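Q: Let's see this in three dimensions:
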Amino acid sequence: MRDPSQANMFSEQNGFWRPSYDGGGLLNLMSSISLACGNDCPAYPPLAGVDCSDWQRARNLVLILADGVGGDFIARTRPGGFLHRHQLATLSSVCPTTTACAIPTVMTGLPPAAHGLTGWHVYLQEIDAITAVLPLTTHGLALVNGEAPIDANTLFGYPKIYQRLGRPSHVVSPARIAESTFSRLHANGATLHPYYPDERSLLERLPFCRRRHDFFGTLRRICHETGPPKFVYAYWPDFDHTAHGAGVDSPAAVGCFHQFESRLEAFVDEMRGSDTLVLVTADHGFLDSPSDRQIHLDDHVAFRDMLLRPLCGERRFAYSYLKPGVRADFEEYVATVFAGRMEAWSRERLLDEQWLGPGPNSAQLDRRLGDFVLAMKDDWTVVDHEADEKPLPMLGVHGGLSREEMLIPLCAMAA
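A: Got it, this is the predicted structure:
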C-alpha cells in the first residue's frame, strides 16, 4: 500500500493537503479506468505506482464509490478489516473535497477546473443566483412548475466519461436521485439503474421482485447479465448522510460502515467465478466540527457587510464575493479576528497553483471562485446563509483540505 506522506505526488503545507492530479488522485483513477475500458487517449495521466493490468481483462469492472468513507477512517476504524486488507493505495480527492466536485470528476474524467462545478453552492452569473448544483435548486428565482433555474444541458454540457469508453457502461444510483437532471445528464452514454434502500427491515417487507433491486442486488443482476465486458459505476451515499448528522466516529456512522463492509464481502464471495473485479473508493473523507468550532457570520456583522452575497462553496472552503473597495479590510479581518481559524486565498492563487486541477479551465471557472476562498484550518467551519433560511446543523463535515478529508482509499477485490 502506498503511503501518501512518502510520495512526491502528495504535499502538505501549514496543515493543508494538496490534491494530486498527476498520478495519485481520484482524477487519475478515472483515467486508468478509461484506459482499461478501451479509451486509449484519456486527457489526464493514469494512476502512478498502481498495477491496473487486471482491470482490462475483467468481464465486469465495477467501481463502487462509498460517499465519505475516507482512507484515515478505514485505517483507524477497521484495521485489518475486509477493505483495509484489500487496499491497493491511498489516493487524494479533488479540491474542494466534496461530492459536488468529486462525483462530476468520476462521471466525466475531468478535474473541477475543467467541469466548472466548484462546490455544493455555486454562484451562477448566468442567472445571478446562488445554486445548489446537484439538486438544481436556487434562491430568489420564481420558477414555474418546478423547472430548473438554468438550462441544464448548458450547465452540464461537458463530455461524460461513458461516451468515451469502449465497453457498455452502467450507472447504479439511489432511486431518489437517479432520475434527477444531474444524474440523467451525467449518465449519458450509460444505462441508468435506480436502486432502493437496502435496510434489511425494509427489504423484508418488500415483494421479492423489489428485493433484488437494492444496492448489491442491482449490482449482482447487472454482473450476471450476458453480453460483452462491461463497466459498472455504483454510488452508495448512506455513510455520508449518517456522518453529517451524527459525526464521523459516532456509533451510527461506524455501524453503517460495518454493515456496508459486511455486505460487500458477502457480495464478492457470492460473485466468485463470475470474472468480476470490484474497485472501491470514496469522493472524500470526513472530520467533525463541534459547535464551538463553528464560525457563524451572524456574529460577525462587520465581516458580512463586506460581502456582496452570501458565502458559496462549502463550509470548509467558502468562496467570498466582495463589495468594491473592501479588499484590504477583508484581508485584515481574516488575518486578525479569524487568525488561526482560516486563511484567505485569492482567486489568482487558486488558479495559478491549480488547486482545482489543470486546464483547460471551464469558461465559467473565474466567476465561480469569488474574489477569495476562506480555507478553514484544523476542524473549523464557517456558516453563512441566505436571509430567508436557517443553516442546516452538521457535526460531520468535509470540503476542506485536511488529511482526513483529502485522503481516500483505493481497494480491489477479484471475484
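Q: Going along the chain, name the strands of the stretch 1-150 of the chain.
A: With DSSP state E, counting those that start in this stretch, the ranges of strands along the stretch 1-150 of the chain come out as 11-13, 16-18, 60-66, 87-92, 121-124, 129-132, 137-138.
Q: Compare the ones you listed and give me the one nearest Asp269.
A: strand 60-66 (14.5 Å; C-beta to C-beta). Using the backbone N, CA and C atoms, a C-beta is placed for each residue, glycine as well.
Q: Any chance of the strands of the stretch 1-150 of the chain in TSV with mean neighbour count and mean pLDDT as columns?
A: Formatted as TSV, the strands of the stretch 1-150 of the chain follow (neighbours: other C-beta atoms under 10 Å; pLDDT from 0 to 100):
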stretch	mean neighbour count	mean pLDDT
strand 11-13	12	85
strand 16-18	20	97
strand 60-66	24	98
strand 87-92	23	97
strand 121-124	23	96
strand 129-132	18	93
strand 137-138	17	86
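Q: Can you lay out the ones you listed as TSV showing distance to Glu405?
A: As requested, the strands of the stretch 1-150 of the chain are arranged in TSV below (distance: least, C-beta to C-beta, whole Å):
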stretch	distance to Glu405
strand 11-13	12
strand 16-18	8
strand 60-66	15
strand 87-92	10
strand 121-124	18
strand 129-132	20
strand 137-138	25
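Q: Those strands: which one's closest to Arg221?
A: strand 60-66 (11.5 Å).
Q: what pairs with that closest one, and is each one parallel or antiparallel?
A: Using DSSP bridges, strand 60-66 pairs in its sheet with strand 230-236 (parallel), strand 276-281 (parallel).
Q: after the longest one comes which helix or strand?
A: Heading C-terminal from strand 230-236, the first helix or strand you meet, by DSSP states H and E, is helix 238-246.
Q: so what's the most centrally placed residue in the chain closest to, chain neighbours aside?
A: Nearest residue to the geometric centre of the chain (C-alpha atoms, centre = their mean): Thr99, 2.6 Å. With C-beta to C-beta, 6 or more residues apart in numbering as the criterion, Thr99 has its nearest non-adjacent residue at 5.2 Å, and that residue is Asp283.
Q: host element of Leu350?
A: helix 347-352.
Q: tell me which residues of that helix are tucked away?
A: 347, 350-351 (16 or more other C-beta atoms under 10 Å).
Q: Return the backbone torsion pair for the residue nearest to Thr99.
A: phi -90, psi -20 (degrees, to the nearest 10).
Q: give the contact list for it.
A: Neighbouring residues of Asp283 by C-beta atoms under 8 Å, 6 or more residues apart in numbering: 26, 65, 67-68, 93, 97-99, 102-103, 106, 408.
Q: rewinding a little: wait, which of the strands paired with strand 60-66 is closest to His186?
A: strand 230-236 (10.0 Å).
Q: all helices in the stretch 251-400 of the chain, in order from the N-terminus.
A: 251-270, 301-304, 327-336, 347-352 (DSSP state H, counting those that start in this stretch).
Q: Pick the most buried one from the ones you listed.
A: Most buried of the helices of the stretch 251-400 of the chain, by mean neighbour count (mean count of other C-beta atoms under 10 Å): helix 251-270, with a mean of 17.
Q: tell me how far that helix is from the chain's mean position?
A: With C-alpha atoms, centre = their mean, to the nearest Å as the basis, helix 251-270 stands 20 Å off its chain's centre.
Q: now do stretch 32-45
A: That offset, for stretch 32-45, works out to 20 Å (C-alpha atoms, centre = their mean).
Q: Repeat that for stretch 52-61.
A: Using C-alpha atoms, centre = their mean, the offset of stretch 52-61 from its chain centre is 24 Å.
Q: buried ones in it?
A: 52, 55-56, 58, 60-61.
Q: can you pull out the helices in the stretch 51-200 of the chain?
A: 53-57, 71-77, 82-85, 99-108, 112-115, 152-155, 175-178, 181-186, 200-203.
Q: right, and those - which one's nearest Phe303?
A: helix 99-108 (24.9 Å).
Q: Which secondary structure elements does the closest one sit against?
A: helix 26-36, strand 60-66, helix 112-115, helix 181-186, strand 230-236 (3 or more C-beta pairs under 8 Å, 6 or more residues apart in numbering; DSSP states H and E).
Q: domains for the chain, by residue range?
A: 4-110+159-288+402-414, 291-395 (automatic domain parsing).
Q: For the last one, what does the pLDDT average out to?
A: The pLDDT scores in domain 291-395 average 95.
Q: what about it, how long is it end to end?
A: Its start and end residues considered, domain 291-395 measures 8 Å (C-alpha to C-alpha, to the nearest Å).
Q: Could you list the buried residues of stretch 312-331?
A: For stretch 312-331, by 16+ other C-beta under 10 Å, it's 312-322, 326, 330.
Q: Show me which of those residues is closest to Pro237.
A: So of these, ranked by how close each gets to Pro237 (C-beta to C-beta), first place is Glu314, at 17.0 Å.
Q: Tell me the spacing between the closest one and Ala132.
A: For Glu314, the distance to Ala132 equals 12 Å [C-beta to C-beta, to the nearest Å].
Q: now Arg164
A: In terms of C-beta to C-beta, Arg164 sits 28 Å off from Ala132.
Q: returning to that earlier point: deepest in the core, which of the domains of the chain is it.
A: For the domains of the chain, average neighbour numbers computed from mean count of other C-beta under 10 Å are highest in domain 4-110+159-288+402-414, which has a mean of 19.
Q: quick revisit: OK, contacts around the residue nearest to the centre of the chain?
A: 67, 120, 134, 240, 283-284.
Q: May I ask which two of those are separated the most?
A: Leu134 and His284 (14.1 Å).
Q: could the helices of the stretch 251-400 of the chain be laid out in TSV, adding distance to Gly359?
A: Formatted as TSV, the helices of the stretch 251-400 of the chain follow (distance: least, C-beta to C-beta, whole Å):
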stretch	distance to Gly359
helix 251-270	36
helix 301-304	33
helix 327-336	26
helix 347-352	9
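Q: before we move on, the earlier item: what is the helix holding Leu350 packed up against?
A: strand 372-376.
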